[in-house]
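K.L.:
below are the sequence and a predicted model for it; my questions follow.
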Number of protein chains: 2
Amino acid sequence: MQYKKIALLAASVLLSLQVIAQKKQFTITEATNGMTGSLALQTVKQPSWQPGTDRLWQIVKTNDGDAWVRTNYPDGKTDTTLTLQQLNKAIKGDLKNMPVFTWLDGEYVYFRNGNEVYMGVYTADGFNWNLWTKLPENAENVTVDKNRNIAYTIDNNLWLLTTSKELKEVTKEKDPNIVCGKSVHREEFGIDKGIFFSPNGKYLAYYRMDQTMVADYPIIDWTTGKNTDIKYPMAGGTSHQVTLCVYNPNSGETVTMQTGEPKDQYLTCVTWSPDEETVFIALLNRDQNHLWLNKYDIETGKLVKTLFEETDKKYVHPQHSLYFLPGGNDKFIWWSQSDGFMHLYEYNTNGKEIRLLTKGDWVVNEIIGFNKEKHEVLYTSSKESPLEKHGYAVNWHNGNVHRLDTKPGMHNFWASDNGNYLLDAYSAKAIPKKIVVHSTDGDFSKVLVDAANSLKDYDRPTIKDVQIKAADSKTTLYGKLILPTNFDPAKKYPVIVYLYNGPNVQLIHNSFPESGNLWYEYMAQKGYIVFSMDGRGSGNRGLSFEQVTFRHLGTVEMEDQMKGVAYLKSLPYVDSSRMGVHGWSFGGFMTTSLMLKYPGVFKCAVAGGPVMDWKMYEVMYTERYMDRPQDNPEGYEEANLLDKVKNLKGRLLLIHGTNDDVVVWQHSIKFIKSCVDEGVQVDYFVYPGHLHNVRGKDRVHLMEKITEYFEQNL
Amino acid sequence: MQYKKIALLAASVLLSLQVIAQKKQFTITEATNGMTGSLALQTVKQPSWQPGTDRLWQIVKTNDGDAWVRTNYPDGKTDTTLTLQQLNKAIKGDLKNMPVFTWLDGEYVYFRNGNEVYMGVYTADGFNWNLWTKLPENAENVTVDKNRNIAYTIDNNLWLLTTSKELKEVTKEKDPNIVCGKSVHREEFGIDKGIFFSPNGKYLAYYRMDQTMVADYPIIDWTTGKNTDIKYPMAGGTSHQVTLCVYNPNSGETVTMQTGEPKDQYLTCVTWSPDEETVFIALLNRDQNHLWLNKYDIETGKLVKTLFEETDKKYVHPQHSLYFLPGGNDKFIWWSQSDGFMHLYEYNTNGKEIRLLTKGDWVVNEIIGFNKEKHEVLYTSSKESPLEKHGYAVNWHNGNVHRLDTKPGMHNFWASDNGNYLLDAYSAKAIPKKIVVHSTDGDFSKVLVDAANSLKDYDRPTIKDVQIKAADSKTTLYGKLILPTNFDPAKKYPVIVYLYNGPNVQLIHNSFPESGNLWYEYMAQKGYIVFSMDGRGSGNRGLSFEQVTFRHLGTVEMEDQMKGVAYLKSLPYVDSSRMGVHGWSFGGFMTTSLMLKYPGVFKCAVAGGPVMDWKMYEVMYTERYMDRPQDNPEGYEEANLLDKVKNLKGRLLLIHGTNDDVVVWQHSIKFIKSCVDEGVQVDYFVYPGHLHNVRGKDRVHLMEKITEYFEQNL
């Protein structure tokens, strides 16, 4: 008996040891794409507030398959359900999955099935669907306004299908390098479109970009072996020329706003006035240090007024359109970093600053919505912590602010049209994902999703939050140290530093997974320490934090990263003879820079899509931070890596997408050329057909390649 | 005293040990380019026989610097010396080095200095030099005929500067894809030029190639980032259309030879009749199995006569123009593989075969010259051994043959105009280089150079000649086994197989250095066995040896190489778990094929400029050996490597020149794409700006890259 007990006990000890031992290791596929694939967290699919209501729509699974359902708040009652089956019956279609629905107003909703645009009218009896139009096969930039106008581009020209289904050929440019209705300025300045319907759909404003004078750059379709030249303006080179045109479908006439010279200026923040009589354009000079917020008469194209100007010794960086306050035509919110942090200002259309709505040494991230009745602007900011994002409401009459959430972490909000309700989706290191509906006033709250931890069966690393003083000895930098899963403080481990450290990007957040990236955890499972830190020059920390790198990109950033290295070297369990570094894009620039300017620190490095010489990067981004090469030759020379390959110690793998139209392939090819010229050995790999990032299934190949490289060489 | 003796003895033993130990190791630079650089063997510079004489000119070093000197044979007396100083004085120039002199006849000689053409007249008093003309900057294909006509191309058009210095714009093609005066058919069929002066300089024949209908392929200048499309006809695709035109500078008229249809046929072996009344063209159909030797009237362009036809079930492969026998206008030599080996046939201009001049299971390599008085054709062949090349004379009246040399090895000859004297430069495994002047009749011989062994201080490997039976169990294949310099038969060594094994190329010869390549010796010094062998399908062994691969390139070749592998595995000192393979071009195709079709045999491989799918290789070469993809889909499918990447075991490094216009970059890029698609890891490197081969200084980088790859992965 006694014997049996002991045996049982032993068996149970064995069992629990086995349970511990059985914690799973990530596969490279899980480590790469798991969070959007097999390890995805529970979520709310396609949440949307029906305009004019407190009703939230979402896609849910039902016994009859996916359905689009409406839930009323605060009672939480579901009162409408549209199943895929019902939808297919209504449109006589055979959709396999629920389409993406977009509300135009409280009544009209549309979705696309390939080139078919379906319009639905929502009534008390449910939806009445019809095939609104079938767009041409090659239609792009399809834009449906709330009045059911549809604009789209075919190649370089713009077309309009009016509410009454008249088809208008808005532009007839013959030269393919005069492009209408598309995003301009290479999507800098927050620009992501080129079609701007007026509020009531009476007019159509659009960007017209003349890039005939811009240098060609070749992009090859490697499947067919055919080249297509794109227009890629490189720093210091001839840039494109953009204007804003307003088309009147009734008259068929087009008026070009008289934005004047020099023609290579930037037309940013395009916003219609609510009365449809004027458009606002924030003109920014090419040097990017002087902005004019201008109002133009759309009938004549003439400048009505410069509301105000903004200047900065280094650069002004407009990124947001004007947000008109609801309930009037004359007040709007302007985003500005003029006090050193991105904040919201209330202006009237005469250019008078009415009120500074937000203030502090933190930044506003997004405007979520408005509560017209309560005179509140709803927004997110980094006020609580540079590593978190929370929601706030500010009263534009009295400046009172209240917070819209209570839990730590990174919050994303979808506000209802009236601003009374919010969908709040958030995560933090200990919270995989929670999605909550709550009222803006905080009185109501209901949890929709409290996602189970999809990683709970995995062998997870210990992660240390790290704060380091920057090279200026005063600025606090935030980082994360991910320890090997089998961590033994008496041992020494190799380290991989992952970095980006460029403008507008922040890697370190309080979110889930805490590591920020399962590949770091995968490497931790393989016995590596992974370290990541946002040095000065990176995003979300305010203007002076960012602008310290002005005219010498890479320099201060490396000094800060070397502080991170010093910290790592101070750790008794770091094997400082086995440190690696990896980054992509700006991070690829940083990685290569560290290998060439601090040779010997890192034994091995992987630089993806790296900028090697800022003279070959685009005008808009580069000249903001570096000025033109003509005006800052020393800065460009200092940052140029092509002539410093001789310094390389250790192994460096460069990786590039062959079709990268952001950091063009020429960067790494020219670097390789320099290496060959100088007799320096370097490793290389390319991802055929891939653009600036290797995404999707092929990313698994990429991360396996990088992993193998560190395993073989670190 | 006794003690001292022993001490001295010990010291002397130490010293000799030191001497042994001090044998030098090759640097990678020496291993790569040493034989043309720091380790170059003594030679005769610019040997040339003055036409109509037994006088040999060469560049020699004198106390006054380089000089061009003339030596009379058989007396060996030097009677003329032109120093660089004298030349500079004569032309009022400042040449830093001796130019390349070319005799036009016994009297006129010319050289170029950049775009300047200098003409010299040689008399008993020496040279009279003058600046003949200064060519346009962008002149290419500059051709000077013996009558001092100069033809050249500018872009796609042909120009002629007549003897009387009249400048004629021979062609005025506006479309840059209609190309005149340049080599055609991608330099296949022995074609290396597009300009053919008639024997007395009265007419100018030239190739005109219309490639407007050929597909574009992009070649990027990575320094500037600009693309230039070239015309690259891929197997099975639309090919270019070539005609032969004859220009009469007196009348200014051009006549196109009526070579007819189909227009994508090949115009090969272009030869003027000595009387300047006709031209001969060997028309070859696109299928390359039917040749017509045609004679055309240059006044009318009309076909005068088809002298004869040649057909073959697999392919006819014309590679040589007609050689008219001296002393008449009606007899010429025709090269043909019709009996299975490349031999010389005497024909008359009516198409009557007069005599088979050479016969045997060996091949004729080159015609060296003629001895008109003795009625002898001087040629080289592989009669003594497939691994050697020797000189012979055959009497075209009686067929008597006598050999022109006596020593083993690879002989290259320069015959005097009258065929009485030969410069014979040869090497063999034990002979670094000997250069001898001897008389064709063998009565006279004088050694000019008996080069010292520039490698004598180096640690050289033992090399074994290897003979292996091919996979057909009967054909003898030749190879070389290079043992590690520290070879110990009791140990086991890793092996690197270097191969090519494609048509027209032979790697194994009896020449110096015996290894064939100092990089093999470099690897031998690092402890590798290097093995190389010419399997069936390779050059210099006759038609059936080559044609066994017809319509299924790669297959038989691999079977033979696997016989080599079996031999290696049979050797007790081979570590068969550590075998690597490396090849370039066809050898890159073979290397990759072996990795995918015999997975697991090789642990590691390096494939340079590899053909991955014959559908992407050029029409002329590919269709000869594979027919068109439309006509041989199974053969192409079998050889296609793009869809077989899943088979890869072990590590494979691909290397490609970014500007390769022979095996286009698309081959390796598409292979990488397949690897990414299939989740297969592969390594890659590119040489920016390099064409099909990485030559010059950068080749050192390449060989270092390959060396490191084997060191890291084998």
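P.N.:
Ah, there it is.
K.L.:
how many other residues sit next to A:Thr238?
P.N.:
14 (other C-beta atoms under 10 Å in any protein chain shown). (Glycine included, C-beta is placed from N, CA and C.)
K.L.:
and A:Ala7, what's its pLDDT?
P.N.:
Looking at A:Ala7, its pLDDT stands at 52.
K.L.:
ok, now A:Asp287?
P.N.:
98.
K.L.:
contacts only, for it.
P.N.:
A:Glu623, A:Asp627 (C-beta atoms under 8 Å, 6 or more residues apart in numbering or on different chains).
K.L.:
do the same with A:Thr268
P.N.:
Taking C-beta under 8 Å, 6+ apart, one finds A:His185, A:Phe189, A:Gly190, A:Ile191, A:Ile281, A:Ala282, A:Leu283, A:Leu284, A:Leu291, A:Pro318 in contact with A:Thr268.
K.L.:
so which of those wins on neighbours?
P.N.:
A:Leu284 (26 neighbours).
K.L.:
how much space between it and A:Glu366?
P.N.:
22 Å (C-beta to C-beta, to the nearest Å).
K.L.:
nearest residue to A:Val436 in space, please, no chain neighbours.
P.N.:
A:Asp424 (4.8 Å; C-beta to C-beta, 6 or more residues apart in numbering or on different chains).
K.L.:
which residues touch the one you found?
P.N.:
So A:Asp424 contacts A:Gly391, A:Leu404, A:Asp405, A:His411, A:Asn412, A:Phe413, A:Lys434, A:Ile435, A:Val436, A:Val437, A:His438 (C-beta under 8 Å, 6+ apart).
K.L.:
from A:Trp103, how far off is the last one?
P.N.:
For A:His438, the distance to A:Trp103 equals 21 Å [C-beta to C-beta].
K.L.:
and for the fourth one?
P.N.:
Between A:His411 and A:Trp103 the computed distance is 23 Å (C-beta to C-beta).
K.L.:
do the same with the fifth one
P.N.:
With distances defined as C-beta to C-beta, the gap from A:Asn412 to A:Trp103 amounts to 19 Å.
K.L.:
how about A:Gly34?
P.N.:
Counting by C-beta to C-beta, the gap from A:Gly34 to A:Trp103 is 33 Å.
K.L.:
same question, A:Pro688
P.N.:
A:Pro688 is 41 Å from A:Trp103, by C-beta to C-beta.
K.L.:
return the alpha-carbon coordinates of stretch A:679-688 using PDB.
P.N.:
The C-alpha trace of stretch A:679-688 is given here as PDB (Å, rounded to 0.1, in the frame of the first residue of the first chain):
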ATOM      1  CA  GLY A 679      36.900  43.700 -51.400                       C
ATOM      2  CA  VAL A 680      34.500  43.500 -48.400                       C
ATOM      3  CA  GLN A 681      32.500  40.300 -48.000                       C
ATOM      4  CA  VAL A 682      28.800  40.700 -47.200                       C
ATOM      5  CA  ASP A 683      25.800  38.500 -47.500                       C
ATOM      6  CA  TYR A 684      22.600  39.200 -49.500                       C
ATOM      7  CA  PHE A 685      19.100  37.900 -50.200                       C
ATOM      8  CA  VAL A 686      16.200  39.300 -52.200                       C
ATOM      9  CA  TYR A 687      12.500  38.700 -52.100                       C
ATOM     10  CA  PRO A 688      11.300  38.600 -55.700                       C
END
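K.L.:
return the distance of stretch A:286-293 from the chain's centre.
P.N.:
Distance of stretch A:286-293 from its chain centroid, counting by C-alpha atoms, centre = their mean, to the nearest Å, is 24 Å.
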